[in-house]
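Novice: Build me a structure from this.
(one chain, ligands or ions: 1)
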Amino acid sequence: MNNENTLLSIQNISKHFNDSKAVDGLSLDIYENEFFALLGSSGSGKTTLLRMLAGLETPTEGQILLDDKDMVPVHASKRPVNLMFQSYALFPHMSVEQNIAYGLEMERMERSLIDKKVQEMLEIIQLEKMAKRRPDQLSGGQRQRVALARALVKKPRLLLLDEPLGALDKKLRSEMQLELKRLQHEVGITFVIVTHDQEEALVMADRIAIMRDGNLLQCGTPQEIYEHPKDRFAADFIGEMNFLPGVVQGDSIIASSKRKISVMSTNGFEDGESVVAAIRPERMSLFLENAENSIEGKVHTSAYHGMDILLHVSTEFGEKPISVRVPIHSVGDKPFKAGDSVTLYWYEKDTRVFANK
Ligand SMILES: Nc1ncnc2c1ncn2[C@@H]1O[C@H](COP(=O)(O)OP(=O)(O)OP(=O)(O)O)[C@@H](O)[C@H]1O
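Specialist: Below is the predicted model of the structure:
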């Protein structure tokens, strides 16, 4: 975890390509020893920002301070920063240890020191026994670890990773997410990772920045962002969310069916304003004591997911069925059929309120 010393301060940075504003006046601080994720949909400017940090793209305006020094005038090769691409770009004719040693040899480092550093990295990535193999004799996950070792052996202040797990299959991907986190912790170097996969960002990052249209929509810990998304877009982007439309009245929301939805806070909205009440599917339940909110409905579809059953329930709250995740242990092996009557319960503390737009 970070100790909240600022390592990198991005100040009002922009990159305009002709008339397209890829990054547009973005400011952000990244801490020492932090695992930071830039998350956003395609075209939101993540890669452009990363490339500016690496020195592969010159900002139209703004500053990038690393250890209080402006990096913008500094050539990519002179920055204490390393960028790892999705295609690991290992040298196919070289062994694992030669691949890791390459950057240090280019610096003409003394042989014994190179050997020591390579050995250290091999231990960290747990591939000591495969030091003599060539990349084509390794699995995808092992190749990935070699690429990481190669990027880390020169001990950059900052490691930038652009969709590093994009090429891996789902199972290996989740293994490598944990492995990357472990590695980052062990080497104590700040990682900035670009991903469009919200689950990946939640699992790996100490903090996440959600980017939208070249700017920062929200920045916070995974829990802050999941529990308190800034607006409807962020709520929809991270995890799943039900949105029930209505208008504010006092400290409640009145749905179009006139039914009252209790909320903890109307989030600054005034009486009569058009809003949505937002509730995550796993925070709704078929059995919940003392829940302030409930609604009857009919099962529209039911899908078995192993850990839980995902129900889509038609209610008076609108055309779109409400999604509910029902843990298997709470229903046993009792199947649901379309048309079954159910009642959904949820607490007001789990209900957020956003503008309806
Ligand atoms: N070299 C370029 N010339 C012109 N426009 C560009 C260039 N690079 C990026 N853009 C534009 O800038 C915007 C942001 O692109 P960027 O690649 O940074 O987004 P991204 O969030 O990384 O998307 P993805 O997840 O698809 O890679 C896009 O509209 C893109 O078309």
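Novice: For burial, what's the neighbour tally of the residue lying closest to Y347 once chain neighbours are set aside?
Specialist: Excluding the flanking residues, the one nearest Y347 by CB to CB, 6 or more residues apart in numbering is A291, at 5.4 Å. C-beta: built from backbone N, CA, C; applies to glycine. For A291, the count of nearby residues is 17 (other CB atoms under 10 Å).
Novice: The residue nearest the centre of the chain sits in which helix or strand?
Specialist: In the chain, the centroid-proximal residue (CA atoms, centre = their mean) is A201; its distance is 2.1 Å. Per DSSP states H and E: A201 is located in helix 198-204.
Novice: which residues are contacting the helix or strand just after that helix?
Specialist: Sequence order places strand 207-212 as the next helix or strand after helix 198-204, per DSSP H and E. Strand 207-212 is touched from outside by 2, 26, 28, 31, 34, 36-41, 44-46, 49, 201-202, 216-222, 225, 233-234, 237-238, with contacts defined as CB atoms under 8 Å, 6 or more residues apart in numbering.
Novice: Now do the helix or strand that strand 207-212 is followed by: which elements does it pack against?
Specialist: Sequence-wise, the next helix or strand downstream of strand 207-212 (DSSP H and E) is strand 215-220. Here strand 215-220 touches strand 20-31, strand 207-212, helix 232-237, going by 3 or more CB pairs under 8 Å, 6 or more residues apart in numbering; DSSP states H and E.
Novice: Would you list the strands that strand 215-220 pairs with, along with their directions?
Specialist: Counting by DSSP bridges, the strands paired with strand 215-220 are strand 207-212 (antiparallel).
Novice: Could you tell me the angle between the partner strand and strand 20-31?
Specialist: Counting by axes from the mean of the first three to the mean of the last three CA atoms, to 10 degrees, strand 207-212 lies at 170 degrees to strand 20-31.
Novice: of the contacts of strand 207-212, buried ones?
Specialist: Among these, the ones that count as buried by 16 or more other CB atoms under 10 Å are 2, 26, 28, 31, 34, 36-40, 44-46, 49, 201-202, 216-220, 222, 225, 233-234, 237-238.
Novice: who in the protein is up against the ligand?
Specialist: With CB under 6 Å from any ligand atom as the criterion, the chain meets the ligand at residues F17, S20, A22, G40, S42, G43, S44, G45, K46, T47, T48, H196.
Novice: For the stretch 201-350 of the chain, just list every one of the strands.
Specialist: 207-212, 215-220, 242-249, 252-255, 260-262, 274-279, 293-304, 308-314, 322-327, 341-346 (DSSP state E, counting those that start in this stretch).
Novice: actually the stretch 1-150 of the chain, not the one I typed
Specialist: Going by DSSP E, counting those that start in this stretch, the stretch 1-150 of the chain shows strands at 6-17, 20-31, 35-39, 61-66, 69-70, 81-84.
Novice: Highest mean neighbour count out of those strands?
Specialist: Of the strands of the stretch 1-150 of the chain, the one with the most neighbours on average (mean count of other CB atoms under 10 Å) is strand 35-39, at a mean of 26.
Novice: Can you give the strand pairings for that one, parallel or anti for each?
Specialist: Strand 35-39 sits in its sheet next to strand 190-195 (parallel), strand 207-212 (parallel), going by DSSP bridges.
Novice: what's in contact with the first one?
Specialist: When you say that, I think you mean strand 190-195. The contact list for strand 190-195, computed with CB under 8 Å, 6+ apart, reads 7-8, 30-39, 46-47, 50, 53, 157-165, 180, 184, 201, 204-205.
Novice: same check, this time on stretch 135-153
Specialist: Applying CB under 8 Å, 6+ apart, the contact partners of stretch 135-153 are 82-84, 88-92, 94, 96, 99-104, 117-118, 121-122, 124-127, 130, 159, 164-165, 167-169, 172, 175-176, 179-180, 183, 187, 189.
Novice: now swap in stretch 161-171 and tell me
Specialist: By CB under 8 Å, 6+ apart, stretch 161-171 touches 47, 50, 83-87, 140-141, 144, 148, 173, 176-177, 180, 191-196, 200.
Novice: And for stretch 235-246?
Specialist: The contact list for stretch 235-246 (CB under 8 Å, 6+ apart) reads 39, 41, 198, 202, 210, 225-226, 229, 232, 253-256, 261, 274-281, 284, 317-318, 320, 322-323, 352, 354, 356.
Novice: can you rerun that using 7 Å?
Specialist: 198, 210, 225-226, 229, 232, 253-256, 261, 275-281, 317-318, 322-323, 352, 354, 356 (CB atoms under 7 Å, 6 or more residues apart in numbering).
Novice: Quickly list what K21 is bridged to.
Specialist: With DSSP bridges applied, K21 shows beta-bridge pairing to H16.
Novice: and it, what pLDDT?
Specialist: pLDDT recorded at K21 is 94.
Novice: nearest spatial neighbour of the residue in the stretch 251-357 of the chain positioned nearest to the ligand, skipping sequence neighbours?
Specialist: For the stretch 251-357 of the chain, the residue closest to the ligand is K357, as judged by CB to the nearest ligand atom, at 22.8 Å. Once flanking residues are discounted, K357 sits nearest to R232: 7.2 Å by CB to CB, 6+ apart.
Novice: Please name the residues that touch that neighbour.
Specialist: Taking CB under 7 Å, 6+ apart, we find R232 in contact with F243, V276, F354, A355.
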